[in-house]
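1. Here is my input, please return the structure:
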Amino acid sequence: MVKRSASEGRTDEELVRSACAGGTGSREAAAELLGRWQGPVYAWCRRFARDPDRALDLSQDVLLAVYRSLGSFQFRAPFGAWVFTITRHRCIRAMRPVALTRDEGADADELPAVAAGPEESAERRIEEERVLEVIREALDPLEQQVLWLRCFERVPVEELTQLLNVPGSTGARGLLQTARRKLRAALEKRGIALSEGEDT
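-> Residues are numbered from 1 along each chain as shown. This is a model prediction of the structure:
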């Protein structure tokens, strides 16, 4: 999921520049770039959607969105993190906020399924939107990414440090602690209590 080394050909960032430059080779660069990320994007969507057909539809939407947005990529973070952010926004309605402020290694797949009525479902969606709004307002983009990848994708902390190119001696672990502390404070300030199982 990290950008390719020079020995494997052009990096993701080099392909983005070529794709955005226009002229000869731009389409080929875009095709190579999207082909490179097709597998990871599908895997991410599959975790959200659970259904293979739905995940395929979502991944195609994501790749189209990535292609259309290549010109807005600002090279401030690894390309993979940017792609994941787009994937997250496309799949956000297929997920539930879990393990946001505490990391106990709980597997969401092992949680019992509870059939909620229409009113409960509507209330839960409203609560989720409020929490997501707080996350967007309280955390900077890198903190949002590291929290998302760790809590929803269960990416190991060591891999997060590499994937997001997090500087410092503590890497992604320190960033996660900061993000969780800021999120707790923001939720408390707004009087929002996460439902059981949604707290990290």
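
2. Only C-alpha atoms from now on, for both contacts and neighbour counts.
-> Will do.

3. So what are the structural domains in the protein, by residue number?
-> Following automatic domain parsing, one finds the domains of the chain at 8-95, 114-200.

4. Now mean pLDDT and mean neighbour count too, for those domains, in JSON lines please.
-> JSON lines is the format used below for these (pLDDT from 0 to 100; neighbours: other CA atoms under 10 Å):
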{"stretch": "domain 8-95", "mean pLDDT": "87", "mean neighbour count": "17"}
{"stretch": "domain 114-200", "mean pLDDT": "74", "mean neighbour count": "16"}
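
5. so what secondary structure elements neighbour the helix or strand encompassing residue 146?
-> Using DSSP states H and E, residue 146 falls within helix 141-151. Where contact means 3 or more CA pairs under 8 Å, 6 or more residues apart in numbering; DSSP states H and E, helix 141-151 is packed against helix 157-163, helix 171-190.

6. who touches the first one?
-> Outside helix 157-163, the residues within contact range by CA atoms under 8 Å, 6 or more residues apart in numbering are 1-2, 78, 80-81, 146, 149-150, 166-167, 171-173.

7. List just the one of the helices and strands packed on helix 141-151 that sits closest to residue 44.
-> Comparing the helices and strands packed on helix 141-151 by their distance to residue 44 (CA to CA), the top pick is helix 157-163, with 14.7 Å.

8. need the helices and strands packed on helix 141-151 in CSV with distance to residue 19, can you?
-> What follows is these, written out as CSV (distance: least, CA to CA, whole Å):
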stretch, distance to residue 19
helix 157-163, 22
helix 171-190, 31
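
9. just checking, residue 165 touches residue 76?
-> No - contact criterion CA atoms under 8 Å: residue 165 and residue 76 do not qualify, at 10.5 Å.

10. tell me what the longest helix along the chain is packed against?
-> In the chain, assigned by DSSP state H, the helix with the most residues is helix 26-49. Counting by 3+ CA pairs under 8 Å, 6+ apart, the packing neighbours recorded for helix 26-49 are helix 12-21, helix 52-69, helix 79-91.

11. and with 6 Å instead?
-> helix 12-21, helix 52-69 (3 or more CA pairs under 6 Å, 6 or more residues apart in numbering; DSSP states H and E).

12. Right, I'll call it a day here.
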